[in-house]
Structures are given as structure tokens and as C-alpha cells.
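Visitor: 3D model of this:
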Amino acid sequence: MNKTAMRSSTFLSRSSQYLLALGIIALVTAFLFILREVLDTALVALLYLIPLGLITAFLGLGPGITSALVTFFTFNYFFIQPYYNLTVHHPTDVVILVIFLIVAIVISQLVGRMKTGLAAATAREREATQLYELSTALAGLHDGRTIAEILAKQVQDVSHGEAVELSITGADSFVFRLPDSIEPVRAPEWIFPIQVARGALGEIRLWRAAPALTSSEKRLLQTFASQGALALERARLAQAESRARILEESDQLKSVILSSVSHELRTPLSTIKAAASSLRSNEVSWDSAARSELIAAIDDEADHLNMLVGNLLDMSRIESGVLKPKREWNILPEIVESVLARMKRMAGEHHVEVDVPESLPLVPVDFVQMEQVFTNLLSNSVKYAPGKSVIRVRAFVEENSMHVIVSNQGPQVPQEHLERIFDKFFRLTATDKVTGTGLGLSICKGIIEAHGGRLWAENVPDGLAFNFTFPLIWEGMSPPKMPMDTETE
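Guide: Predicted structure coming up:
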């Protein structure tokens, strides 16, 4: 019933165009008939050409040709003597009539072709604009559902259909429909496959009973389907590439972890095993100095082993995003003193200079995590700085932040590696020369950033310095005054 109504509407529209054209010719004929006695025959013919061109331009080629033929007969009937019949007695009048008919038809043809060409150019421009908008909207997308949503909206806008449905097949198959609240009860009138060279990725189903799609609309929708297929294929290839890259990085990380951890864990385990075996045997007397040295070796290597395992666990917590500092107001000099007391044996012959005044305000940090930051930075300084060199720890307030500097007299780091030394497992020195897993600085960076601060390294004239800052404002509160400050006041 919709198709019949649409055809009737189209027929009435075309009929009204022809009737309007004939009406215009009738009005022009009546006007010229009134002025027939004062107008020359050739001038009448020229005046007739004006409405013919306008009719063709605004009503189409068919009404223009029809008007030209009707005008030929009315011109002969009303303006060529003898009047009111179609006979022509003068040869010049015959020539005028023939030329008039030819010119009228040619003008109608030219104007009609111009109009058709303009309509075709406008349609091509509109198609190019729609294709550009679609390709721009799909550019850079790697999500299949987002691609399907944009493609469905573009198809809906172009086709003006009742409903559009995109069915995507494959491992991540899904169906997207517009409007999503209405489920069509009949089969779709139009189906456009979404296909690439490797096979079908899905299809576009369009519900539009009438009017039927024109050839240009079908061509445009097929192009839309091709663009959507390319976008979906690009998204799947990007996802596959991302998965492959993640797997490759995971394999590389696994290899690095195994090579680093196996070497670092074997050394303290071998030392502990050898010391324990010596103590278990009867070769070492219980009251000898060697017994104390072996026990100290077991204790040191057990601490070293505990630190290695702790670093691995902390790195996994940082990467999984579960590292949440338990912040409280703490005294920074106490944290530094606790770390130095525990690392006294590890520091060996190095001279540690501390400039952390007792007058510093309380700091909102996790005591244990901040201890680990100082431990890792000092451990790194001890490893790389030469024996009997100076390691400095300095802290001071800088605006609303606490600024800490841990410097050593070890070798400087090339400028291009100052940022990379905080990457996991990045080592500038061969593992057979300096022990460690290459995780200490990465863990420090993760802890400081979890506190809302920043950690960086810089070369200084006599070595290398690690700087980190963190805010003194916590939950909108400034550091509370220490009891000793109150008493002093």
C-alpha cells in the first residue's frame, strides 16, 4: 500500500509539472496575443524562448520539450498569417517556424542537460562529503562496536530507512541496531555485505519499503559497507598486533626476570648453603672467629635474599596498581636514621653525610615505603660509588614540598640514560660486576609517584644525585606542629 501511494504521489507530481508548463505557455500566448498587432513575428518567436528556457530549468526536460512543441503550434496558429489555422503561405514564415522549433528544442535540451549535470555534480559532491565524513569518523578507531555504531548512523542518515541493523561475525560477534528500541518484524528490503579479501565480516540490513533505493544510493551504501569492512579489519589487525606485542614483551620480560633473578638468587643461596654446611661440619670450632664470620655471612645474605624477593613482590604490586601508601604524619629524620642503622654493615667503608634537620616539618608518608625508598637509593649508591667515597643525604622544604637529595661520588650516567635508569631491569653495568636485579630504582619511582611526588636523577660535578619531592599538604591539611615546637614557643 505504501508503494502504491508513493507511485500515485509521483504521478501527480509529474502531471502537475506538465500542467503548470502548459499553463505558463497559455499565459504567455494570451499576453503576446494582446500585443500581436504591435509585435513583429520574429520578436514574438524570441519572446517565446524565454518561458521555454525557464520551464526546462525549473520543471525538467520533459515539460520543456512538450512546451516547445505546444509553442510551435500556438505560434503558427495565432501569430503566422493566415491566423487560426496551421497552413503557411509565405516561405519566410516556414523558415521562421522551422528555426523556432529547432531553437526551442535545442534550448530545452541544453538547459535540461545543464540541469541534469548540475544535479549529478551536486549528488557526487554530496556523496564525496558523506564518504569523507565516514572515513574521518572511522579513522583511528580500534573498537568494533564504535565502528558499527558510526557506520549504522551514517547509513541511517543517507538512506532515511525505517531501521538499520549491523551484524558483525567472528570471535567478537555482535548485532547493533538503530533505532535500538524497535525490532523489525519483517525481513529487510536491502542487505549489503561487509566483506574483505579474507571473507565476510558481517552485513548491513536496511528496512526501507519505499521508495526504492536509486542506483547512486545503492552505490553509496555499498561503498559505506566497504569502508566499514576496512575499518573493522584494521581494528582486528591492530588488536592482533597489540596482543602479539604484549606476548612478545611478556616473553622478553620473563626471560629477563629468569636470567636476572636466577643469577641474583643463586649467589646468596650458595653463600648461605656453604656457610651452613661449614657450621654443621666438625671442621669449625664453636668458639672460633670463623664461626662468627659464617653466621654474619648467613645473616647478610639472608637479608640480601629477602630484599631481592621483596623487590620482585613490590614491583608486581606497583604494576598491578595495588600499591596504596598508608600515609601518616611521620618524622623524616627518624626514617633516615632507621635506614642508616640497618644499612651500617652494607655501607662498609663509605662515609655517609646526613643533612636532615630535626626542625623539618612532619611529612605525610608511608613509613615503611619511604624507608624502602631510602634503602634502595643508598644501596644503589653503595654499589656504584668507589670505596671510602662520600654519600650525602640532604632534605629541605621547597615551597609546599619536601625535597630530598641522595648523592654519591660514583660514575656519571650518560644524559640519554638519565630517564631510562628508572626502567625495570635496565642496567648500565654488566651483572657480573655489580649485583642486583635492576628493580630498585623502578620501585622508588613507583612509591614516590604513589605519594604524589616525582623522582629524577642528575649528574653533579663529583658524581650522581637522585632527587625526589613529595607534597607536604595532605587532604588539604598542612603539617601539624611537633610537640617540641610548641614547647619552644
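Visitor: is it true that P193 lies in a helix?
Guide: No - per DSSP: H, G, I helix; E, B strand; the rest coil, P193 lies outside any helix segment and is strand.
Visitor: Could you tell me the model confidence score at it?
Guide: Model confidence at P193, expressed as pLDDT, equals 88.
Visitor: what does the one 5 residues further on give?
Guide: We note a pLDDT of 78 for R198 in this prediction.
Visitor: and it, how many neighbours does it have?
Guide: Residue crowding around R198 was assessed by other C-beta atoms under 10 Å; the count is 8. Where you see a C-beta, it was placed from the backbone N, CA and C, and this is true even at glycine.
Visitor: Now do the same contact list for it.
Guide: Contacts for R198 were tallied using C-beta atoms under 8 Å, 6 or more residues apart in numbering; they are E233.
Visitor: And it, how close does it get to G170?
Guide: From R198 over to G170 the distance is 11 Å, taken as C-beta to C-beta, to the nearest Å.
Visitor: quick one, longest helix in the chain?
Guide: helix 215-280 (DSSP state H).
Visitor: Next, report how far that one is displaced from the centre of its chain.
Guide: Distance of helix 215-280 from its chain centroid, counting by C-alpha atoms, centre = their mean, to the nearest Å, is 21 Å.
Visitor: Over to stretch 399-410?
Guide: 38 Å.
Visitor: Buried ones in that stretch, by neighbour count?
Guide: Within stretch 399-410, the residues scored as buried using 16 or more other C-beta atoms under 10 Å are S401, M402, V404, I405, V406, S407, N408, Q409, G410.
Visitor: In which helix or strand does the closest residue to the third one other than its chain neighbours reside?
Guide: In space, and not counting its chain neighbours, V404 is closest to A395: 4.7 Å by C-beta to C-beta, 6 or more residues apart in numbering. Assigning secondary structure by DSSP states H and E places A395 in strand 390-398.
Visitor: Quick one: list the elements packing against that strand.
Guide: helix 332-342, strand 351-355, helix 367-384, strand 401-408 (3 or more C-beta pairs under 8 Å, 6 or more residues apart in numbering; DSSP states H and E).
Visitor: got the buried residues for the longest one?
Guide: Think helix 367-384. Buried residues in helix 367-384, counting neighbours by 16+ other C-beta under 10 Å, are found at 367, 369-384.
Visitor: can you pull the contacts of L32?
Guide: Per C-beta under 8 Å, 6+ apart, neighbours of L32: L39, V44, L47, Y48, F78, F79.
Visitor: at 6 Å what do you get?
Guide: If you count contacts by C-beta atoms under 6 Å, 6 or more residues apart in numbering, L32 has them with V44.
Visitor: mind checking how far stretch 466-475 is from the chain centre?
Guide: The answer for stretch 466-475 is 33 Å, by C-alpha atoms, centre = their mean.
Visitor: Quote the end-to-end distance of it.
Guide: 27 Å (C-alpha to C-alpha, to the nearest Å).
Visitor: who's in contact with it?
Guide: With contacts defined as C-beta under 6 Å, 6+ apart, stretch 466-475 is touched by 364, 377, 400-406, 448, 451-457, 479.
Visitor: picking up where we left off before, output the strand holding A395 as PDB, restricted to C-alpha atoms.
Guide: These are the backbone C-alpha positions of strand 390-398, laid out as PDB (Å, rounded to 0.1, in the frame of the first residue of the first chain):
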ATOM      1  CA  VAL A 390      81.200  10.100  50.400                       C
ATOM      2  CA  ILE A 391      77.400   9.500  50.200                       C
ATOM      3  CA  ARG A 392      75.300  12.500  51.100                       C
ATOM      4  CA  VAL A 393      71.600  12.600  52.200                       C
ATOM      5  CA  ARG A 394      70.100  16.100  52.300                       C
ATOM      6  CA  ALA A 395      66.500  17.200  52.900                       C
ATOM      7  CA  PHE A 396      64.900  20.700  52.900                       C
ATOM      8  CA  VAL A 397      61.500  22.300  52.400                       C
ATOM      9  CA  GLU A 398      60.800  23.800  49.000                       C
END
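Visitor: can you state the direction angle for that strand and strand 401-408?
Guide: Between strand 390-398 and strand 401-408, the angle comes out at 170 degrees (axes from the mean of the first three to the mean of the last three C-alpha atoms, to 10 degrees).
Visitor: Pretty sure A465 sits against H403.
Guide: No - contact criterion C-beta atoms under 6 Å: A465 and H403 do not qualify, at 11.5 Å.
Visitor: what stretches of the stretch 251-400 of the chain score poorly on pLDDT?
Guide: 251-267, 282-288, 304, 307-308, 310-323 (pLDDT under 70).
Visitor: now with 80?
Guide: 251-271, 275-297, 300-301, 303-324, 345-348 (pLDDT under 80).
Visitor: hey, where'd the helices end up in the stretch 1-150 of the chain?
Guide: 2-34, 41-59, 61-79, 91-138, 144-159 (DSSP state H, counting those that start in this stretch).
Visitor: okay, the ones you listed in JSON lines with distance to I246 and mean pLDDT next?
Guide: Below are these laid out as JSON lines (distance: least, C-beta to C-beta, whole Å; pLDDT from 0 to 100):
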{"stretch": "helix 2-34", "distance to I246": "53", "mean pLDDT": "71"}
{"stretch": "helix 41-59", "distance to I246": "64", "mean pLDDT": "79"}
{"stretch": "helix 61-79", "distance to I246": "63", "mean pLDDT": "79"}
{"stretch": "helix 91-138", "distance to I246": "25", "mean pLDDT": "75"}
{"stretch": "helix 144-159", "distance to I246": "19", "mean pLDDT": "85"}
